[in-house]
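Visitor: Sharing a model prediction with you, sequence too.
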Amino acid sequence: MESKQSIIERVLGINGYGKATKNLKLIQFEWNKKDGYDVRPYQRKPRRGYVIMEEQIIQLGKKIVPGQLAQAVKRAIKIAKL
């Protein structure tokens, strides 16, 4: 029988997606052929989950310079909102 819990609920051992993600920020590292790499911060919205902060996307380009990804991830975590 398949569990109805989300992966994050099972990993954290918490029932309810809202409770499991209550104090968690979300960022996404992505690549596409046209623009290359970017890091995307999200904002948590009540009853809507996480919504991308389009104006705050950090573009890294097609080639990442050493240290650039780490700096972008740190910045995205600061920008992301609960």
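Guide: Happy to help now that I have it. Residues are numbered from 1 along each chain as shown.
Visitor: so how far is residue 27 from residue 57?
Guide: 10 Å (Cβ to Cβ, to the nearest Å). The C-beta positions use only the backbone N, C-alpha and C, and glycine is treated the same way.
Visitor: So which of these two has more stuff around it?
Guide: Applying other Cβ atoms under 10 Å to residue 57 and residue 27 shows that residue 27 carries more neighbours, namely 19 against 16.
Visitor: The more buried one contacts residue 38, correct?
Guide: No: under the criterion of Cβ atoms under 8 Å, residue 27 is not in contact with residue 38, lying 10.5 Å apart.
Visitor: For the longest strand belonging to the chain, which helices and strands make contact with it?
Guide: Ranked by residue count and defined by DSSP state E, the top strand of the chain is strand 36-45. For strand 36-45, the packing partners by 3 or more Cβ pairs under 8 Å, 6 or more residues apart in numbering; DSSP states H and E come out as strand 27-32, strand 49-52, strand 58-61, helix 68-79.
Visitor: quick revisit: give me the common contacts of residue 57 and residue 27.
Guide: Residues touching both residue 57 and residue 27 (Cβ atoms under 8 Å, 6 or more residues apart in numbering) are 39, 40, 41.
Visitor: Contacts only, for the residue nearest the centre of the chain.
Guide: With distances taken as Cα atoms, centre = their mean, the residue of the chain nearest its centroid is residue 27 (2.1 Å). Neighbouring residues of residue 27 by Cβ under 8 Å, 6+ apart: 39, 40, 41, 42, 73, 76, 77, 80.
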